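**Student:** model the structure of this input:
(2 chains)
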Amino acid sequence: MKNPWTLLLMAWLVALAATAGALFIGEVMLRVPCQLCWYQRIFMFPLALILGMACFSEDRRGAVYALSLALGGAAMAGYHTLLVAGLIPKAWLPCSAGVSCADQPLDILNGLQIPWLSLIAFVAISLLLFFFLRKTPQ
Amino acid sequence: MTSKKITVFALLAVVLAAFGLGAYLYQQRVQNSQMDKVTQQQARLVRMHSPVFGPQNAPVTIVEFFDPACETCRAFHPVVKGLLAQYPNEVRVVIRYAPFHQGSDQIVLLLEAAKRQNKYSPVLDAVLAAQPQWADHAQPNLRVAFQAAEQAGLDINKAIEDAQRPELAAALRQDIEDLTALEVTKTPTFFVNGRALPSFGREQLTALVAEEVAKARR
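**Tutor:** Now for the predicted structure:
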């Protein structure tokens, strides 16, 4: 890719789509986000803003700040994915009155689990930002 | 403006438009699915045990799925009463219970016990008036609701005894079975002669009732 800015733009688009998707599931489909979903939202929503501003003003530092959020989100999403996959015993998490984090299927996408989508988005953003930063030396 | 800045704005507009379109299509899908259920299972809208306001043989029936702990149901209470006052001969309101909040089922049984003492309407008014004091969604203080009902003239000891009757619990079970079958997930949910509101709101309800009344008068 000749223009590294395109990488930054793609990272922003992934964050924007993920933010819109999370808001769609929450506000339109009225699914209540579980605890772990909330942590991933906390990492994802600022990415849509920071990367948008970074793209707009072609600011390399935006990518640095965004990368830290993306890696944090990827860690949360990775943990959540392992939990959904059953690789982390559910007994580690106490039961609470809230929404179960252990099963988050999305019926409009054939029961695809939401944390998988989240993990894909965070990893994609992290990789795109990583390559963007490597191609744009300070 | 550079082409990059324009690209950012254009993509933002595309995502916002896609979100809006998706939201519209999804809501249409949900509403169509519910209307199919309602059309196929008309009997689930009104049951023999359901409390009714207004004339039994009114041509326009508003079915309200109602939760006594729901703030919006409280806000709609005067609206529904206003419709009954506006069309005293044409409109009846059938109350169905949707006890989605903690403790709501107890209040439903209290209301049903009040019905046996012919105190349904004043007790409903009193319980809703006192709702901010008792209906904390995490920690409902049902005693406050019971006190409000007593002040409205309910024989509270008899009501507590009546609330244990198995037919009351059976009626509540039936309501929950019906609301599940009709895909009612929010309160209040209104059906006017079996038609759902095009979108939620007080104007939409008033307009739909006016439309059905006009049909009945013709």
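**Student:** residues in contact with B:V46?
**Tutor:** B:T61, B:V63, B:V94 (Cβ atoms under 8 Å, 6 or more residues apart in numbering or on different chains). For glycine as for every other residue, the C-beta is placed from the backbone atoms N, C-alpha and C.
**Student:** roughly how far out does the helix or strand of chain A with the lowest mean pLDDT sit from the chain middle?
**Tutor:** Across the helices and strands of chain A, the lowest-confidence element by mean pLDDT, DSSP states H and E is strand A:105-106, at a mean of 75. From the chain centre to the centre of strand A:105-106 is a distance of 16 Å (Cα atoms, centre = their mean, to the nearest Å).
**Student:** and stretch B:98-106, by the same measure?
**Tutor:** On Cα atoms, centre = their mean, the centre of stretch B:98-106 falls 13 Å from that of its chain.
**Student:** close to chain A, is that stretch?
**Tutor:** No. Against chain A, stretch B:98-106 shows no contacts by Cβ under 8 Å from any Cβ of the partner chain, the least distance being 8.9 Å.
**Student:** up against chain A, what does chain B have?
**Tutor:** Counting by Cβ under 8 Å from any Cβ, chain B comes close to chain A at B:4-5, B:7-8, B:11-12, B:15-16, B:18-19, B:22-23, B:26-27, B:185-186.
**Student:** any weak-confidence spans in chain A?
**Tutor:** A:1-2, A:90-99, A:107-108 (pLDDT under 70).
**Student:** so where do the strands sit in it?
**Tutor:** A:105-106, A:112-113 (DSSP state E).
**Student:** okay if I get these as JSON lines plus distance to chain B and mean neighbour count?
**Tutor:** Formatted as JSON lines, the strands of chain A follow (distance: least, Cβ to the nearest Cβ, whole Å; neighbours: other Cβ atoms under 10 Å in any protein chain shown):
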{"stretch": "strand A:105-106", "distance to chain B": "12", "mean neighbour count": "14"}
{"stretch": "strand A:112-113", "distance to chain B": "16", "mean neighbour count": "15"}
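**Student:** ok, which of those comes nearest B:V38?
**Tutor:** Taking Cβ to Cβ, strand A:105-106 is the member of the strands of chain A nearest to B:V38, at 26.0 Å.
**Student:** the closest one packs against which elements?
**Tutor:** strand A:112-113, helix A:114-135 (3 or more Cβ pairs under 8 Å, 6 or more residues apart in numbering or on different chains; DSSP states H and E).
**Student:** output the longest helix belonging to the chain.
**Tutor:** The chain I'm using is chain A. Secondary structure assigned by DSSP state H gives helix A:60-85 as the longest helix of chain A.
**Student:** oops, wrong one, chain B.
**Tutor:** helix B:3-40.
**Student:** counting contacts, what elements does the very next helix or strand once past it pack onto?
**Tutor:** Next along the chain after helix B:3-40, taking DSSP states H and E as the criterion, comes strand B:52-53. Strand B:52-53 is packed against strand B:91-97, with contacts defined by 3+ Cβ pairs under 8 Å, 6+ apart.
**Student:** ok, B:G153 touching B:P122?
**Tutor:** Yes. In this structure, B:G153 is within contact of B:P122 by Cβ atoms under 8 Å, at 6.0 Å.
**Student:** in stretch A:21-28, what's buried?
**Tutor:** Within stretch A:21-28, the residues that count as buried by 16 or more other Cβ atoms under 10 Å in any protein chain shown are A:G21, A:A22, A:F24, A:I25, A:V28.
**Student:** measure the third one to A:A124 for me?
**Tutor:** Note on A:F24: its distance to A:A124, by Cβ to Cβ, to the nearest Å, is 19 Å.
**Student:** and the fourth one, by the same measure?
**Tutor:** A:I25 is 19 Å from A:A124, where distance means Cβ to Cβ.
**Student:** contacts for stretch A:6-22, please.
**Tutor:** By Cβ under 8 Å, 6+ apart, stretch A:6-22 touches A:1, A:33, A:37, A:40-41, A:44-45, A:47-48, A:51-52, A:54-55, A:62-63, A:66, A:70, A:117-118, A:121, A:124-125, A:128-129, A:131-132, A:135, B:7-8, B:11-12, B:15-16, B:18-19.
**Student:** quick one: which of the buried residues of stretch A:21-28 is nearest to B:F190?
**Tutor:** Looking across the buried residues of stretch A:21-28 and measuring by Cβ to Cβ, the closest to B:F190 is A:V28, at 20.6 Å.
**Student:** noted, bye for now.
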